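Undergrad: I would like to see how this sequence folds:
(one chain, ligands or ions: 1)
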Amino acid sequence: MAGKTQAKQPGLKPGTKAATKTTPNTAAKQTAAKVPPVKAKTLIEKEKTAKVVPAKAVPPAKPAPIKPVPVKPAPVKPAAQKPTPAAASGPKPKRQLNGAIKVGIAGCAGRMGQMLLKMLSQAPGVLVVGGTERKGSPALGMDLGALAGTDPFGITVNDDPAGLFESADVVIDFTNPSATATHAGFAARGGTAHVIGTTGLDSDQQAAVARAAQKAPIVMAANMSLGVNLLEQVIEQMARILDSDWDIEIVEMHHRHKVDAPSGTALILGEAAARGRGTTLRRVAKRGRDGQTGPRAKGEIGFAALRGGDVVGDHTVIFAVDGERVEVAHKASSREIFARGAVKAVLWAAGKAPGLYTMKDVLGFNVGPSAPTNGH
Ligand code: NAD
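TA: Residues are numbered from 1 along each chain as shown. Now for the predicted structure:
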């Protein structure tokens, strides 16, 4: 389908001929060649009104015909040391088109990718410049609008991540651990901001991300929702207040397609509890029980992972002592909460100094030490 689409990107004037292309590089060039006058006008008009609104109404998303592709879960290993943000070598000076942030989406045909496409196509001050998929994906060559359930973008899905990072100010990445580690290298090469939602990274992959963060701003969070980031703070405090007579157990449930367990979110909550107890999760985690396990060890933080149906993500942290029990839960009923967080991260990360950041930095409530880990 590549090169056959003659379409307009959401935000362009009706009738405007948009770029047709197969790579983000080409896309960027064509966009630069044809789109700026129209887009710039749109943006100037938006600035004049001081209230930026989407240029046109976007119909509700319809499920795209792309089936998620199962990926092999990465081995689960201990956390990498939290890297400190590197000395600023200068933000990527690429903001153009009257300040619009150019955004690329890696894994754009995935569940999160499609939702992000739709959300970003309606977000003010943002211009989607490309989307990638794995080699062999049936989505290659499709117009991004078909995936977003919107009008055509005039941009087709390709498998050139280097080109995507080159043409974008910020790339959002909800793919798989090995792809994400590779993508971080491209971010470092050009100083492109990288927003990582992928979970299940092993320690080597996390180290690759940490190295890249010395040259590019990277926001990494296993859960981009406001609620879970708040819960993390609450759990750390509860674990600090309740002594080790209180057993801590974490139960999570996700849809049947999830490939890593326990979930990255369960692990961040476990780390928060371990921090509250003055230890590390690696030392006290009990990741599943089966058979003759013997009695529970004091101080353990236990995990149970359930899989089934279309559950977006449920997490319950249980503090249990003789005679009473406190349970704190977060239930996600829509993936939109993650996508909303990711869009916030995009707006926040554009132009930031190199460093490894978390959603707590983005949300402005980073009250204690914590490391972005995305599921080790
Ligand atoms: P999904 O399987 O629906 O989508 C992943 C997409 O990435 C697929 O379309 C796949 O083809 C694509 N992909 C694989 N390799 C690629 C490559 N090399 N280049 C480009 N694309 C590639 O999965 P999903 O539900 O969208 O989740 C993706 C990841 O995000 C998972 O790790 C999941 O756990 C995580 N996640 C994180 C959050 C969060 O808030 N941080 C929320 C939801 C999901």
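Undergrad: Select the longest helix from the chain.
TA: Taking residue count as the measure and DSSP state H as the definition, the longest helix of the chain comes out as helix 226-241.
Undergrad: is the ligand contacted by that helix?
TA: No - no part of helix 226-241 sits close enough to the ligand to count as contact by CB under 6 Å from any ligand atom; the gap is at least 7.8 Å. (Each C-beta comes from the backbone N, C-alpha and C, glycine too.)
Undergrad: hmm, who's touching that helix?
TA: Contact with helix 226-241 is made by 221, 223, 248, 265, 268-269, 272-277, 315, 317, 319, 326, 328, 330, 332, 337, 341, 359-360, 363, 365, 367-368, 370, as judged by CB atoms under 8 Å, 6 or more residues apart in numbering.
Undergrad: Check stretch 302-315 too.
TA: Counting by CB under 8 Å, 6+ apart, 223, 228, 231, 247-256, 258, 261-263, 265-266, 269-270, 285-289, 296, 329-335 sit against stretch 302-315.
Undergrad: Narrow the residues you listed to those in strands?
TA: Cross-referencing the contacts of stretch 302-315 with the strands (criterion: DSSP state E) gives 247-254, 285-287, 329-332 as the overlap.
Undergrad: and stretch 329-338, does that touch the ligand?
TA: Yes - for stretch 329-338 and the ligand, the contact criterion (CB under 6 Å from any ligand atom) is met by F338.
Undergrad: What of stretch 138-155?
TA: No - with CB under 6 Å from any ligand atom as the measure, stretch 138-155 is seen stopping short of the ligand, the closest distance being 6.9 Å.
Undergrad: And that stretch, end to end?
TA: Terminal residues of stretch 138-155 lie 16 Å apart, using CA to CA, to the nearest Å.
Undergrad: Report the buried residues of that stretch.
TA: Along stretch 138-155, the positions that meet the burial threshold by neighbour count (16 or more other CB atoms under 10 Å) are 139-155.
Undergrad: what distance separates that stretch from the middle of the whole chain?
TA: Remark: stretch 138-155 is offset 20 Å from the chain centroid, using CA atoms, centre = their mean, to the nearest Å.
Undergrad: on that earlier part again, which ones among the buried residues of stretch 138-155 map onto helices?
TA: Per DSSP H, helices hold the following members of the buried residues of stretch 138-155: 144-148.
Undergrad: just those residues now: which is nearest the ligand?
TA: Proximity of these to the ligand was ranked by CB to the nearest ligand atom; the top entry is L147 with 9.6 Å.
Undergrad: From L140, how far out is the closest one?
TA: Relative to L140, L147 is positioned 11 Å away (CB to CB, to the nearest Å).
Undergrad: With T265 instead?
TA: In this structure, T265 and L140 are 31 Å apart, going by CB to CB.
Undergrad: Just the CA trace of stretch 241-259, in CSV.
TA: What follows is the C-alpha trace of stretch 241-259 in CSV, where atoms were taken according to Å, rounded to 0.1, in the frame of the first residue of the first chain:
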residue,chain,number,x,y,z
ILE,A,241,4.7,2.8,58.8
LEU,A,242,3.7,-0.9,59.1
ASP,A,243,6.4,-3.1,60.7
SER,A,244,7.6,-6.4,59.3
ASP,A,245,4.8,-8.3,61.2
TRP,A,246,2.7,-7.1,58.4
ASP,A,247,3.0,-9.4,55.4
ILE,A,248,3.0,-7.7,52.0
GLU,A,249,1.5,-9.5,49.0
ILE,A,250,0.8,-8.1,45.5
VAL,A,251,-1.8,-9.6,43.2
GLU,A,252,-2.1,-8.5,39.6
MET,A,253,-4.4,-9.5,36.7
HIS,A,254,-4.0,-8.7,33.0
HIS,A,255,-5.5,-9.7,29.7
ARG,A,256,-4.5,-13.0,28.1
HIS,A,257,-2.0,-11.5,25.6
LYS,A,258,0.4,-10.1,28.2
VAL,A,259,3.8,-11.8,27.9
